[in-house]
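J.: what follows is a predicted structure for the sequence shown.
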Amino acid sequence: MNRQTGTASQRAATLRDAIDDANYRYYVLDDPSIPDAEYDRLMRELEALEAAHPELATPDSPTRRVGARPASGFAEVRHAIPMLSLSNAFTDPDAPDGVDPDHEVRDFVRRVVQGLGIADPEFAVEPKLDGLAISLRYEDGVFVQGATRGDGATGEDVTANLRTVKAIPLRLRSGKNEHDPLRLRSGKNGHDPLRLRSGKNGHAPLRLHGHDWPRVLEVRGEVYMPKAGFDAYNARMLREGGKPLANPRNGAAGSLRQLDPHVTAGRPLAFYAYGVNLPPDPDAVIADRHSAAMAKLRAWGFPTCPQNGIARGADGCLAYFHRIGAQRDKLPYGIDGVVYKVDRYDQQRELGFVARAPRWAIAHKFPAEEQATVVEAIDIQIGRTGAATPVARLKPVQVAGVTVTNATLHNADQVARLDVRVGDSVIVRRAGDVIPEVVRVIPERRPPHTKPWKMPAHCPICGSAIEREEGEAAARCTGGLVCAAQRREAIRHFASRRAMDIDGLGERYIEDLIAFDYLHSPADLYKLTLDDFLAMKRRAEERDGVVPETVKAGKIATKWADNLVAAIDASKDTTLERFLFALGIPEVGEATAKTLARHFGSLDALIHASEAELTEVPDVGPIMAAHIAAFFAEPRNREVIAALRKAGVHWKESAPQRKADGPLADKTVVLTGSLSSLTRDEAKDKLEALGAKVAGSVSKKTSFVVAGEAAGSKLDKAEALGVEVWDEAKLLGFLKSHGG
């Protein structure tokens, strides 16, 4: 390296440090150190240096926040550790006398107390931001990948867009030169002190110094659009004749899903971190408490919400909820509730998980927001199972920051109970992500000559009869797959990721394939050819007035269709539980499909099972058994199943696994660390197929622990309790000896 280049390299490093420090002070400490003009001058100088010396442009340079080319789509990212959802609790403002309106929160705290055997546990408490959940992956301190939450297991790769968000550090900071990262405040301004502690006595203040981040770090948080930024952006769009954003939350989500990062860079996005993981071990931690971990993230350059705090017991949590609720309108960001998390990580591990949610955390949602509007029509929406749901078409109204034009009326009984009529003024409620619903009619505003609403006798889509079976709340279209609405939803469900997993077959393609008479049942998917897809796309473009582009010569024009044909073909190799879930049997979700597959072992055995035999399956009651039996008794359903098998859809069948069957029956197994030859989900499926119960935490009742690479605290606890530990080789040998 010559002297000139060396000088340029040193200057570039100095500029990057200065810009990173300015970003940290501005976004994390809320304490700007230089004026905007000086910041812009530093950035321009760095850009000029890197242009003159391209070899100096590091991947984590501030100049690389915008620079990626527009993408053709988003790749999928499988989260190393799933992004789980939280259970919800609500305060009931209309609770009758004698009923605690906050009983759901108190019940949550009571369960925590019982699970831990202690009184008044400490909770990390924080506002529930109204944005988009994301995961950021850092390797050796450098940001390498960012993904949306997606379905919790798989999200979309939005790395290029996340690089444009200045609040997200491209490289981690060292703690050596930290600028009072905690900035704890208390008193009249309403910011509770975090009271962070470490050490056995719980009183030593946390000190963060040095280069102490792990090699691989995943930070979870929320990308959101500040209220002021949202208002300013919309004002500019109106001045320039552009399209304003509907609300800050949709604005944040839509901004991150732009194919061109330059568009994202023009949106006023911000970020707060709220969680951290150390893949591949979900139990590995960077501190003994969540609050201490957030302080470390702050020292490393991540902004955390200044309203975060610590609360003790149910009373402390509820006091925080009401205090944040009183500040809600004045906060610079949108929220729809608060989150309570058991602060100590060892206590979180002890409590574990239930289904897809942790037992140690809950979201306490604010009461639903309500507005008055007018019912302009009541239509019928036909679902996948034929359920006919009345939907109120409303005069547009803003509810909780979202323009609402439709609201569910649930079923005919609900319409009759509320006595909703076309022309009525009604109160509409929306809480968080919940579908808007009509709460009540305002009778004094009812216009004259309105008529009570009745469920139509025939389906508005296919004309088939709408019938309601005795004992059921929902009326249903009897058209089955003859009904285009049911067909569309049935095929969309059939192709979904957790069913047959036909990648790329989106709702729009399904609608056009049905509209142009290519699909009458899921079995028709396996008859589609490349020419069918190209012809369908051409007809859709002609219908929409678009110049056809899909018949151009070359691979680029047909790649999307090639991929779809390949995805459909790949889906033929599946499992019985996925196939059962894909069929859309009423009342049968993923868990029930898995239970049915293991209980009967083969599809034919399930098809011929009586209702009495079905009720012997764990968690299958008389109503569900009747639905399953009726589904397989329907000739059209049997025809579709036969056609799917004939088309080559297949799976490996096995011997029936009754509740007490299998070499691991009544055994509780825990998995920890990463396995080289199979994923944790695959290992779990194989163990469960042999009768085991796979748990998330180690206890005295654990039969054995399977420890892979980088096994963490679960292995330590197993050894402390004297629980048997298997390595990967022993697990594979056991599975092989039992046909796994």
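T.: Yep, that arrived. Numbering: from 1, shown residues only.

J.: count of neighbours near residue 663?
T.: 11 (other CB atoms under 10 Å). Just so you know, the C-beta spots here come from the backbone N, C-alpha and C atoms, and that holds for glycine as well.

J.: quick one, helices of the stretch 101-250 of the chain?
T.: Along the stretch 101-250 of the chain, counting by DSSP state H, counting those that start in this stretch, helices occupy 103-116, 159-162, 227-240, 248-256.

J.: show me where the stretch 501-650 of the chain has its helices.
T.: Counting by DSSP H, counting those that start in this stretch, the stretch 501-650 of the chain has helices at residues 507-515, 530-543, 555-570, 576-582, 590-600, 603-607, 611-614, 622-633, 635-646.

J.: on that earlier part again, out of the helices of the stretch 101-250 of the chain, which is the most enclosed?
T.: Among the helices of the stretch 101-250 of the chain, ranked by average contacts under mean count of other CB atoms under 10 Å, first place goes to helix 159-162 (a mean of 25).

J.: give the other helices and strands that that one contacts.
T.: Counting contacts by 3 or more CB pairs under 8 Å, 6 or more residues apart in numbering; DSSP states H and E, helix 159-162 packs against strand 142-148, helix 248-256, helix 261-265.

J.: now that helix: how far from the chain's centre is it?
T.: With CA atoms, centre = their mean, to the nearest Å as the basis, helix 159-162 stands 18 Å off its chain's centre.

J.: pLDDT of that helix, averaged?
T.: Across helix 159-162, pLDDT averages out at 93.

J.: contacts for it next, please.
T.: Helix 159-162 has contacts (CB atoms under 8 Å, 6 or more residues apart in numbering) with 68, 71, 134, 136, 143-147, 168, 223, 255-258, 261, 264.

J.: out of the residues you listed, which end up buried?
T.: 68, 71, 134, 136, 143, 146-147, 168, 223, 255-256, 258, 261, 264 (16 or more other CB atoms under 10 Å).

J.: quick check: phi and psi on residue 273?
T.: Main-chain torsions, residue 273, degrees, to the nearest 10: phi -80, psi 140.

J.: do the same with residue 379
T.: Phi and psi for residue 379, reported as degrees, to the nearest 10, are phi -110, psi 170.

J.: for residue 377, see how far away the nearest residue in space to it that is not next to it in sequence is.
T.: Nearest residue to residue 379 in three dimensions, chain neighbours excluded: residue 391, at 5.3 Å (CB to CB, 6 or more residues apart in numbering). Per CB to CB, to the nearest Å, residue 391 is found 9 Å from residue 377.

J.: more neighbours: those two, which one.
T.: Higher neighbour count among residue 391 and residue 377: residue 391, with 17 against 10, using other CB under 10 Å.

J.: what helix or strand is the closest residue to residue 721 other than its chain neighbours located in?
T.: Spatially, and ignoring its direct neighbours in sequence, residue 721 is nearest to residue 700 (5.9 Å; CB to CB, 6+ apart). Using DSSP states H and E, residue 700 sits in no helix or strand.

J.: rewinding a little: tell me the most buried of the helices of the stretch 501-650 of the chain?
T.: Per residue and on average, the most neighbours among these fall to helix 576-582, with a mean of 22 (mean count of other CB under 10 Å).

J.: what sits up against it?
T.: The contact list for helix 576-582 (CB under 8 Å, 6+ apart) reads 493-494, 496, 498-501, 522, 574, 588-590, 593-594, 596-598, 602-603, 606, 644, 649, 651-653.

J.: could you do stretch 456-471 as well?
T.: If you take CB under 8 Å, 6+ apart as the criterion, stretch 456-471 is touched by 379-380, 382, 388, 412, 455, 474-479, 482-485.

J.: quick one: neighbours of the spatially closest residue to residue 290 that is not a sequence neighbour, just the number.
T.: Nearest residue to residue 290 in three dimensions, chain neighbours excluded: residue 124, at 4.5 Å (CB to CB, 6+ apart). When neighbours are counted by other CB under 10 Å, residue 124 registers 23.

J.: and the pLDDT at residue 124?
T.: Predicted confidence (pLDDT) at residue 124: the value is 97.

J.: that one reaches residue 343, doesn't it?
T.: Yes - at 4.5 Å, residue 124 counts as touching residue 343 under the criterion of CB atoms under 8 Å.

J.: mutual contacts of those two, please.
T.: Listed as contacting both residue 124 and residue 343 by CB under 8 Å, 6+ apart are 289, 290, 291, 310.

J.: tell me the secondary structure for the third one?
T.: So that's residue 291. Counting by DSSP: H, G, I helix; E, B strand; the rest coil, the backbone at residue 291 sits in helix.

J.: correct me, but it touches residue 125?
T.: No - here residue 291 lies out of contact with residue 125, judged by CB under 8 Å, at a distance of 9.5 Å.

J.: and for those two, which residues touch both?
T.: Common neighbours of residue 291 and residue 125, using CB under 8 Å, 6+ apart, are 308, 310.

J.: wait, a helix at the residue nearest to residue 379?
T.: No - going by three-state DSSP, the assignment for residue 391 is strand, not a helix.

J.: show me where pLDDT drops low in the stretch 551-700 of the chain?
T.: For the stretch 551-700 of the chain, the stretches with pLDDT under 70 are 551-557, 658-661.

J.: cool, the stretch 201-350 of the chain as well?
T.: For the stretch 201-350 of the chain, residues meeting the criterion pLDDT under 70 lie at 201-211.

J.: longest single helix anywhere in this structure?
T.: Determined from DSSP state H, the single longest helix within the chain is helix 3-23.

J.: what sits up against that helix?
T.: Applying CB under 8 Å, 6+ apart, the external contacts of helix 3-23 come out as 1, 32-34, 39, 42-43, 45-46, 49-50, 52-53, 56, 58, 61-62, 166-167, 169-171, 173, 301.

J.: tilt between the host helix or strand of residue 49 and helix 3-23?
T.: Assigned by DSSP H and E, residue 49 belongs to helix 36-52. Helix 36-52 and helix 3-23 are oriented at 150 degrees to each other (axes from the mean of the first three to the mean of the last three CA atoms, to 10 degrees).
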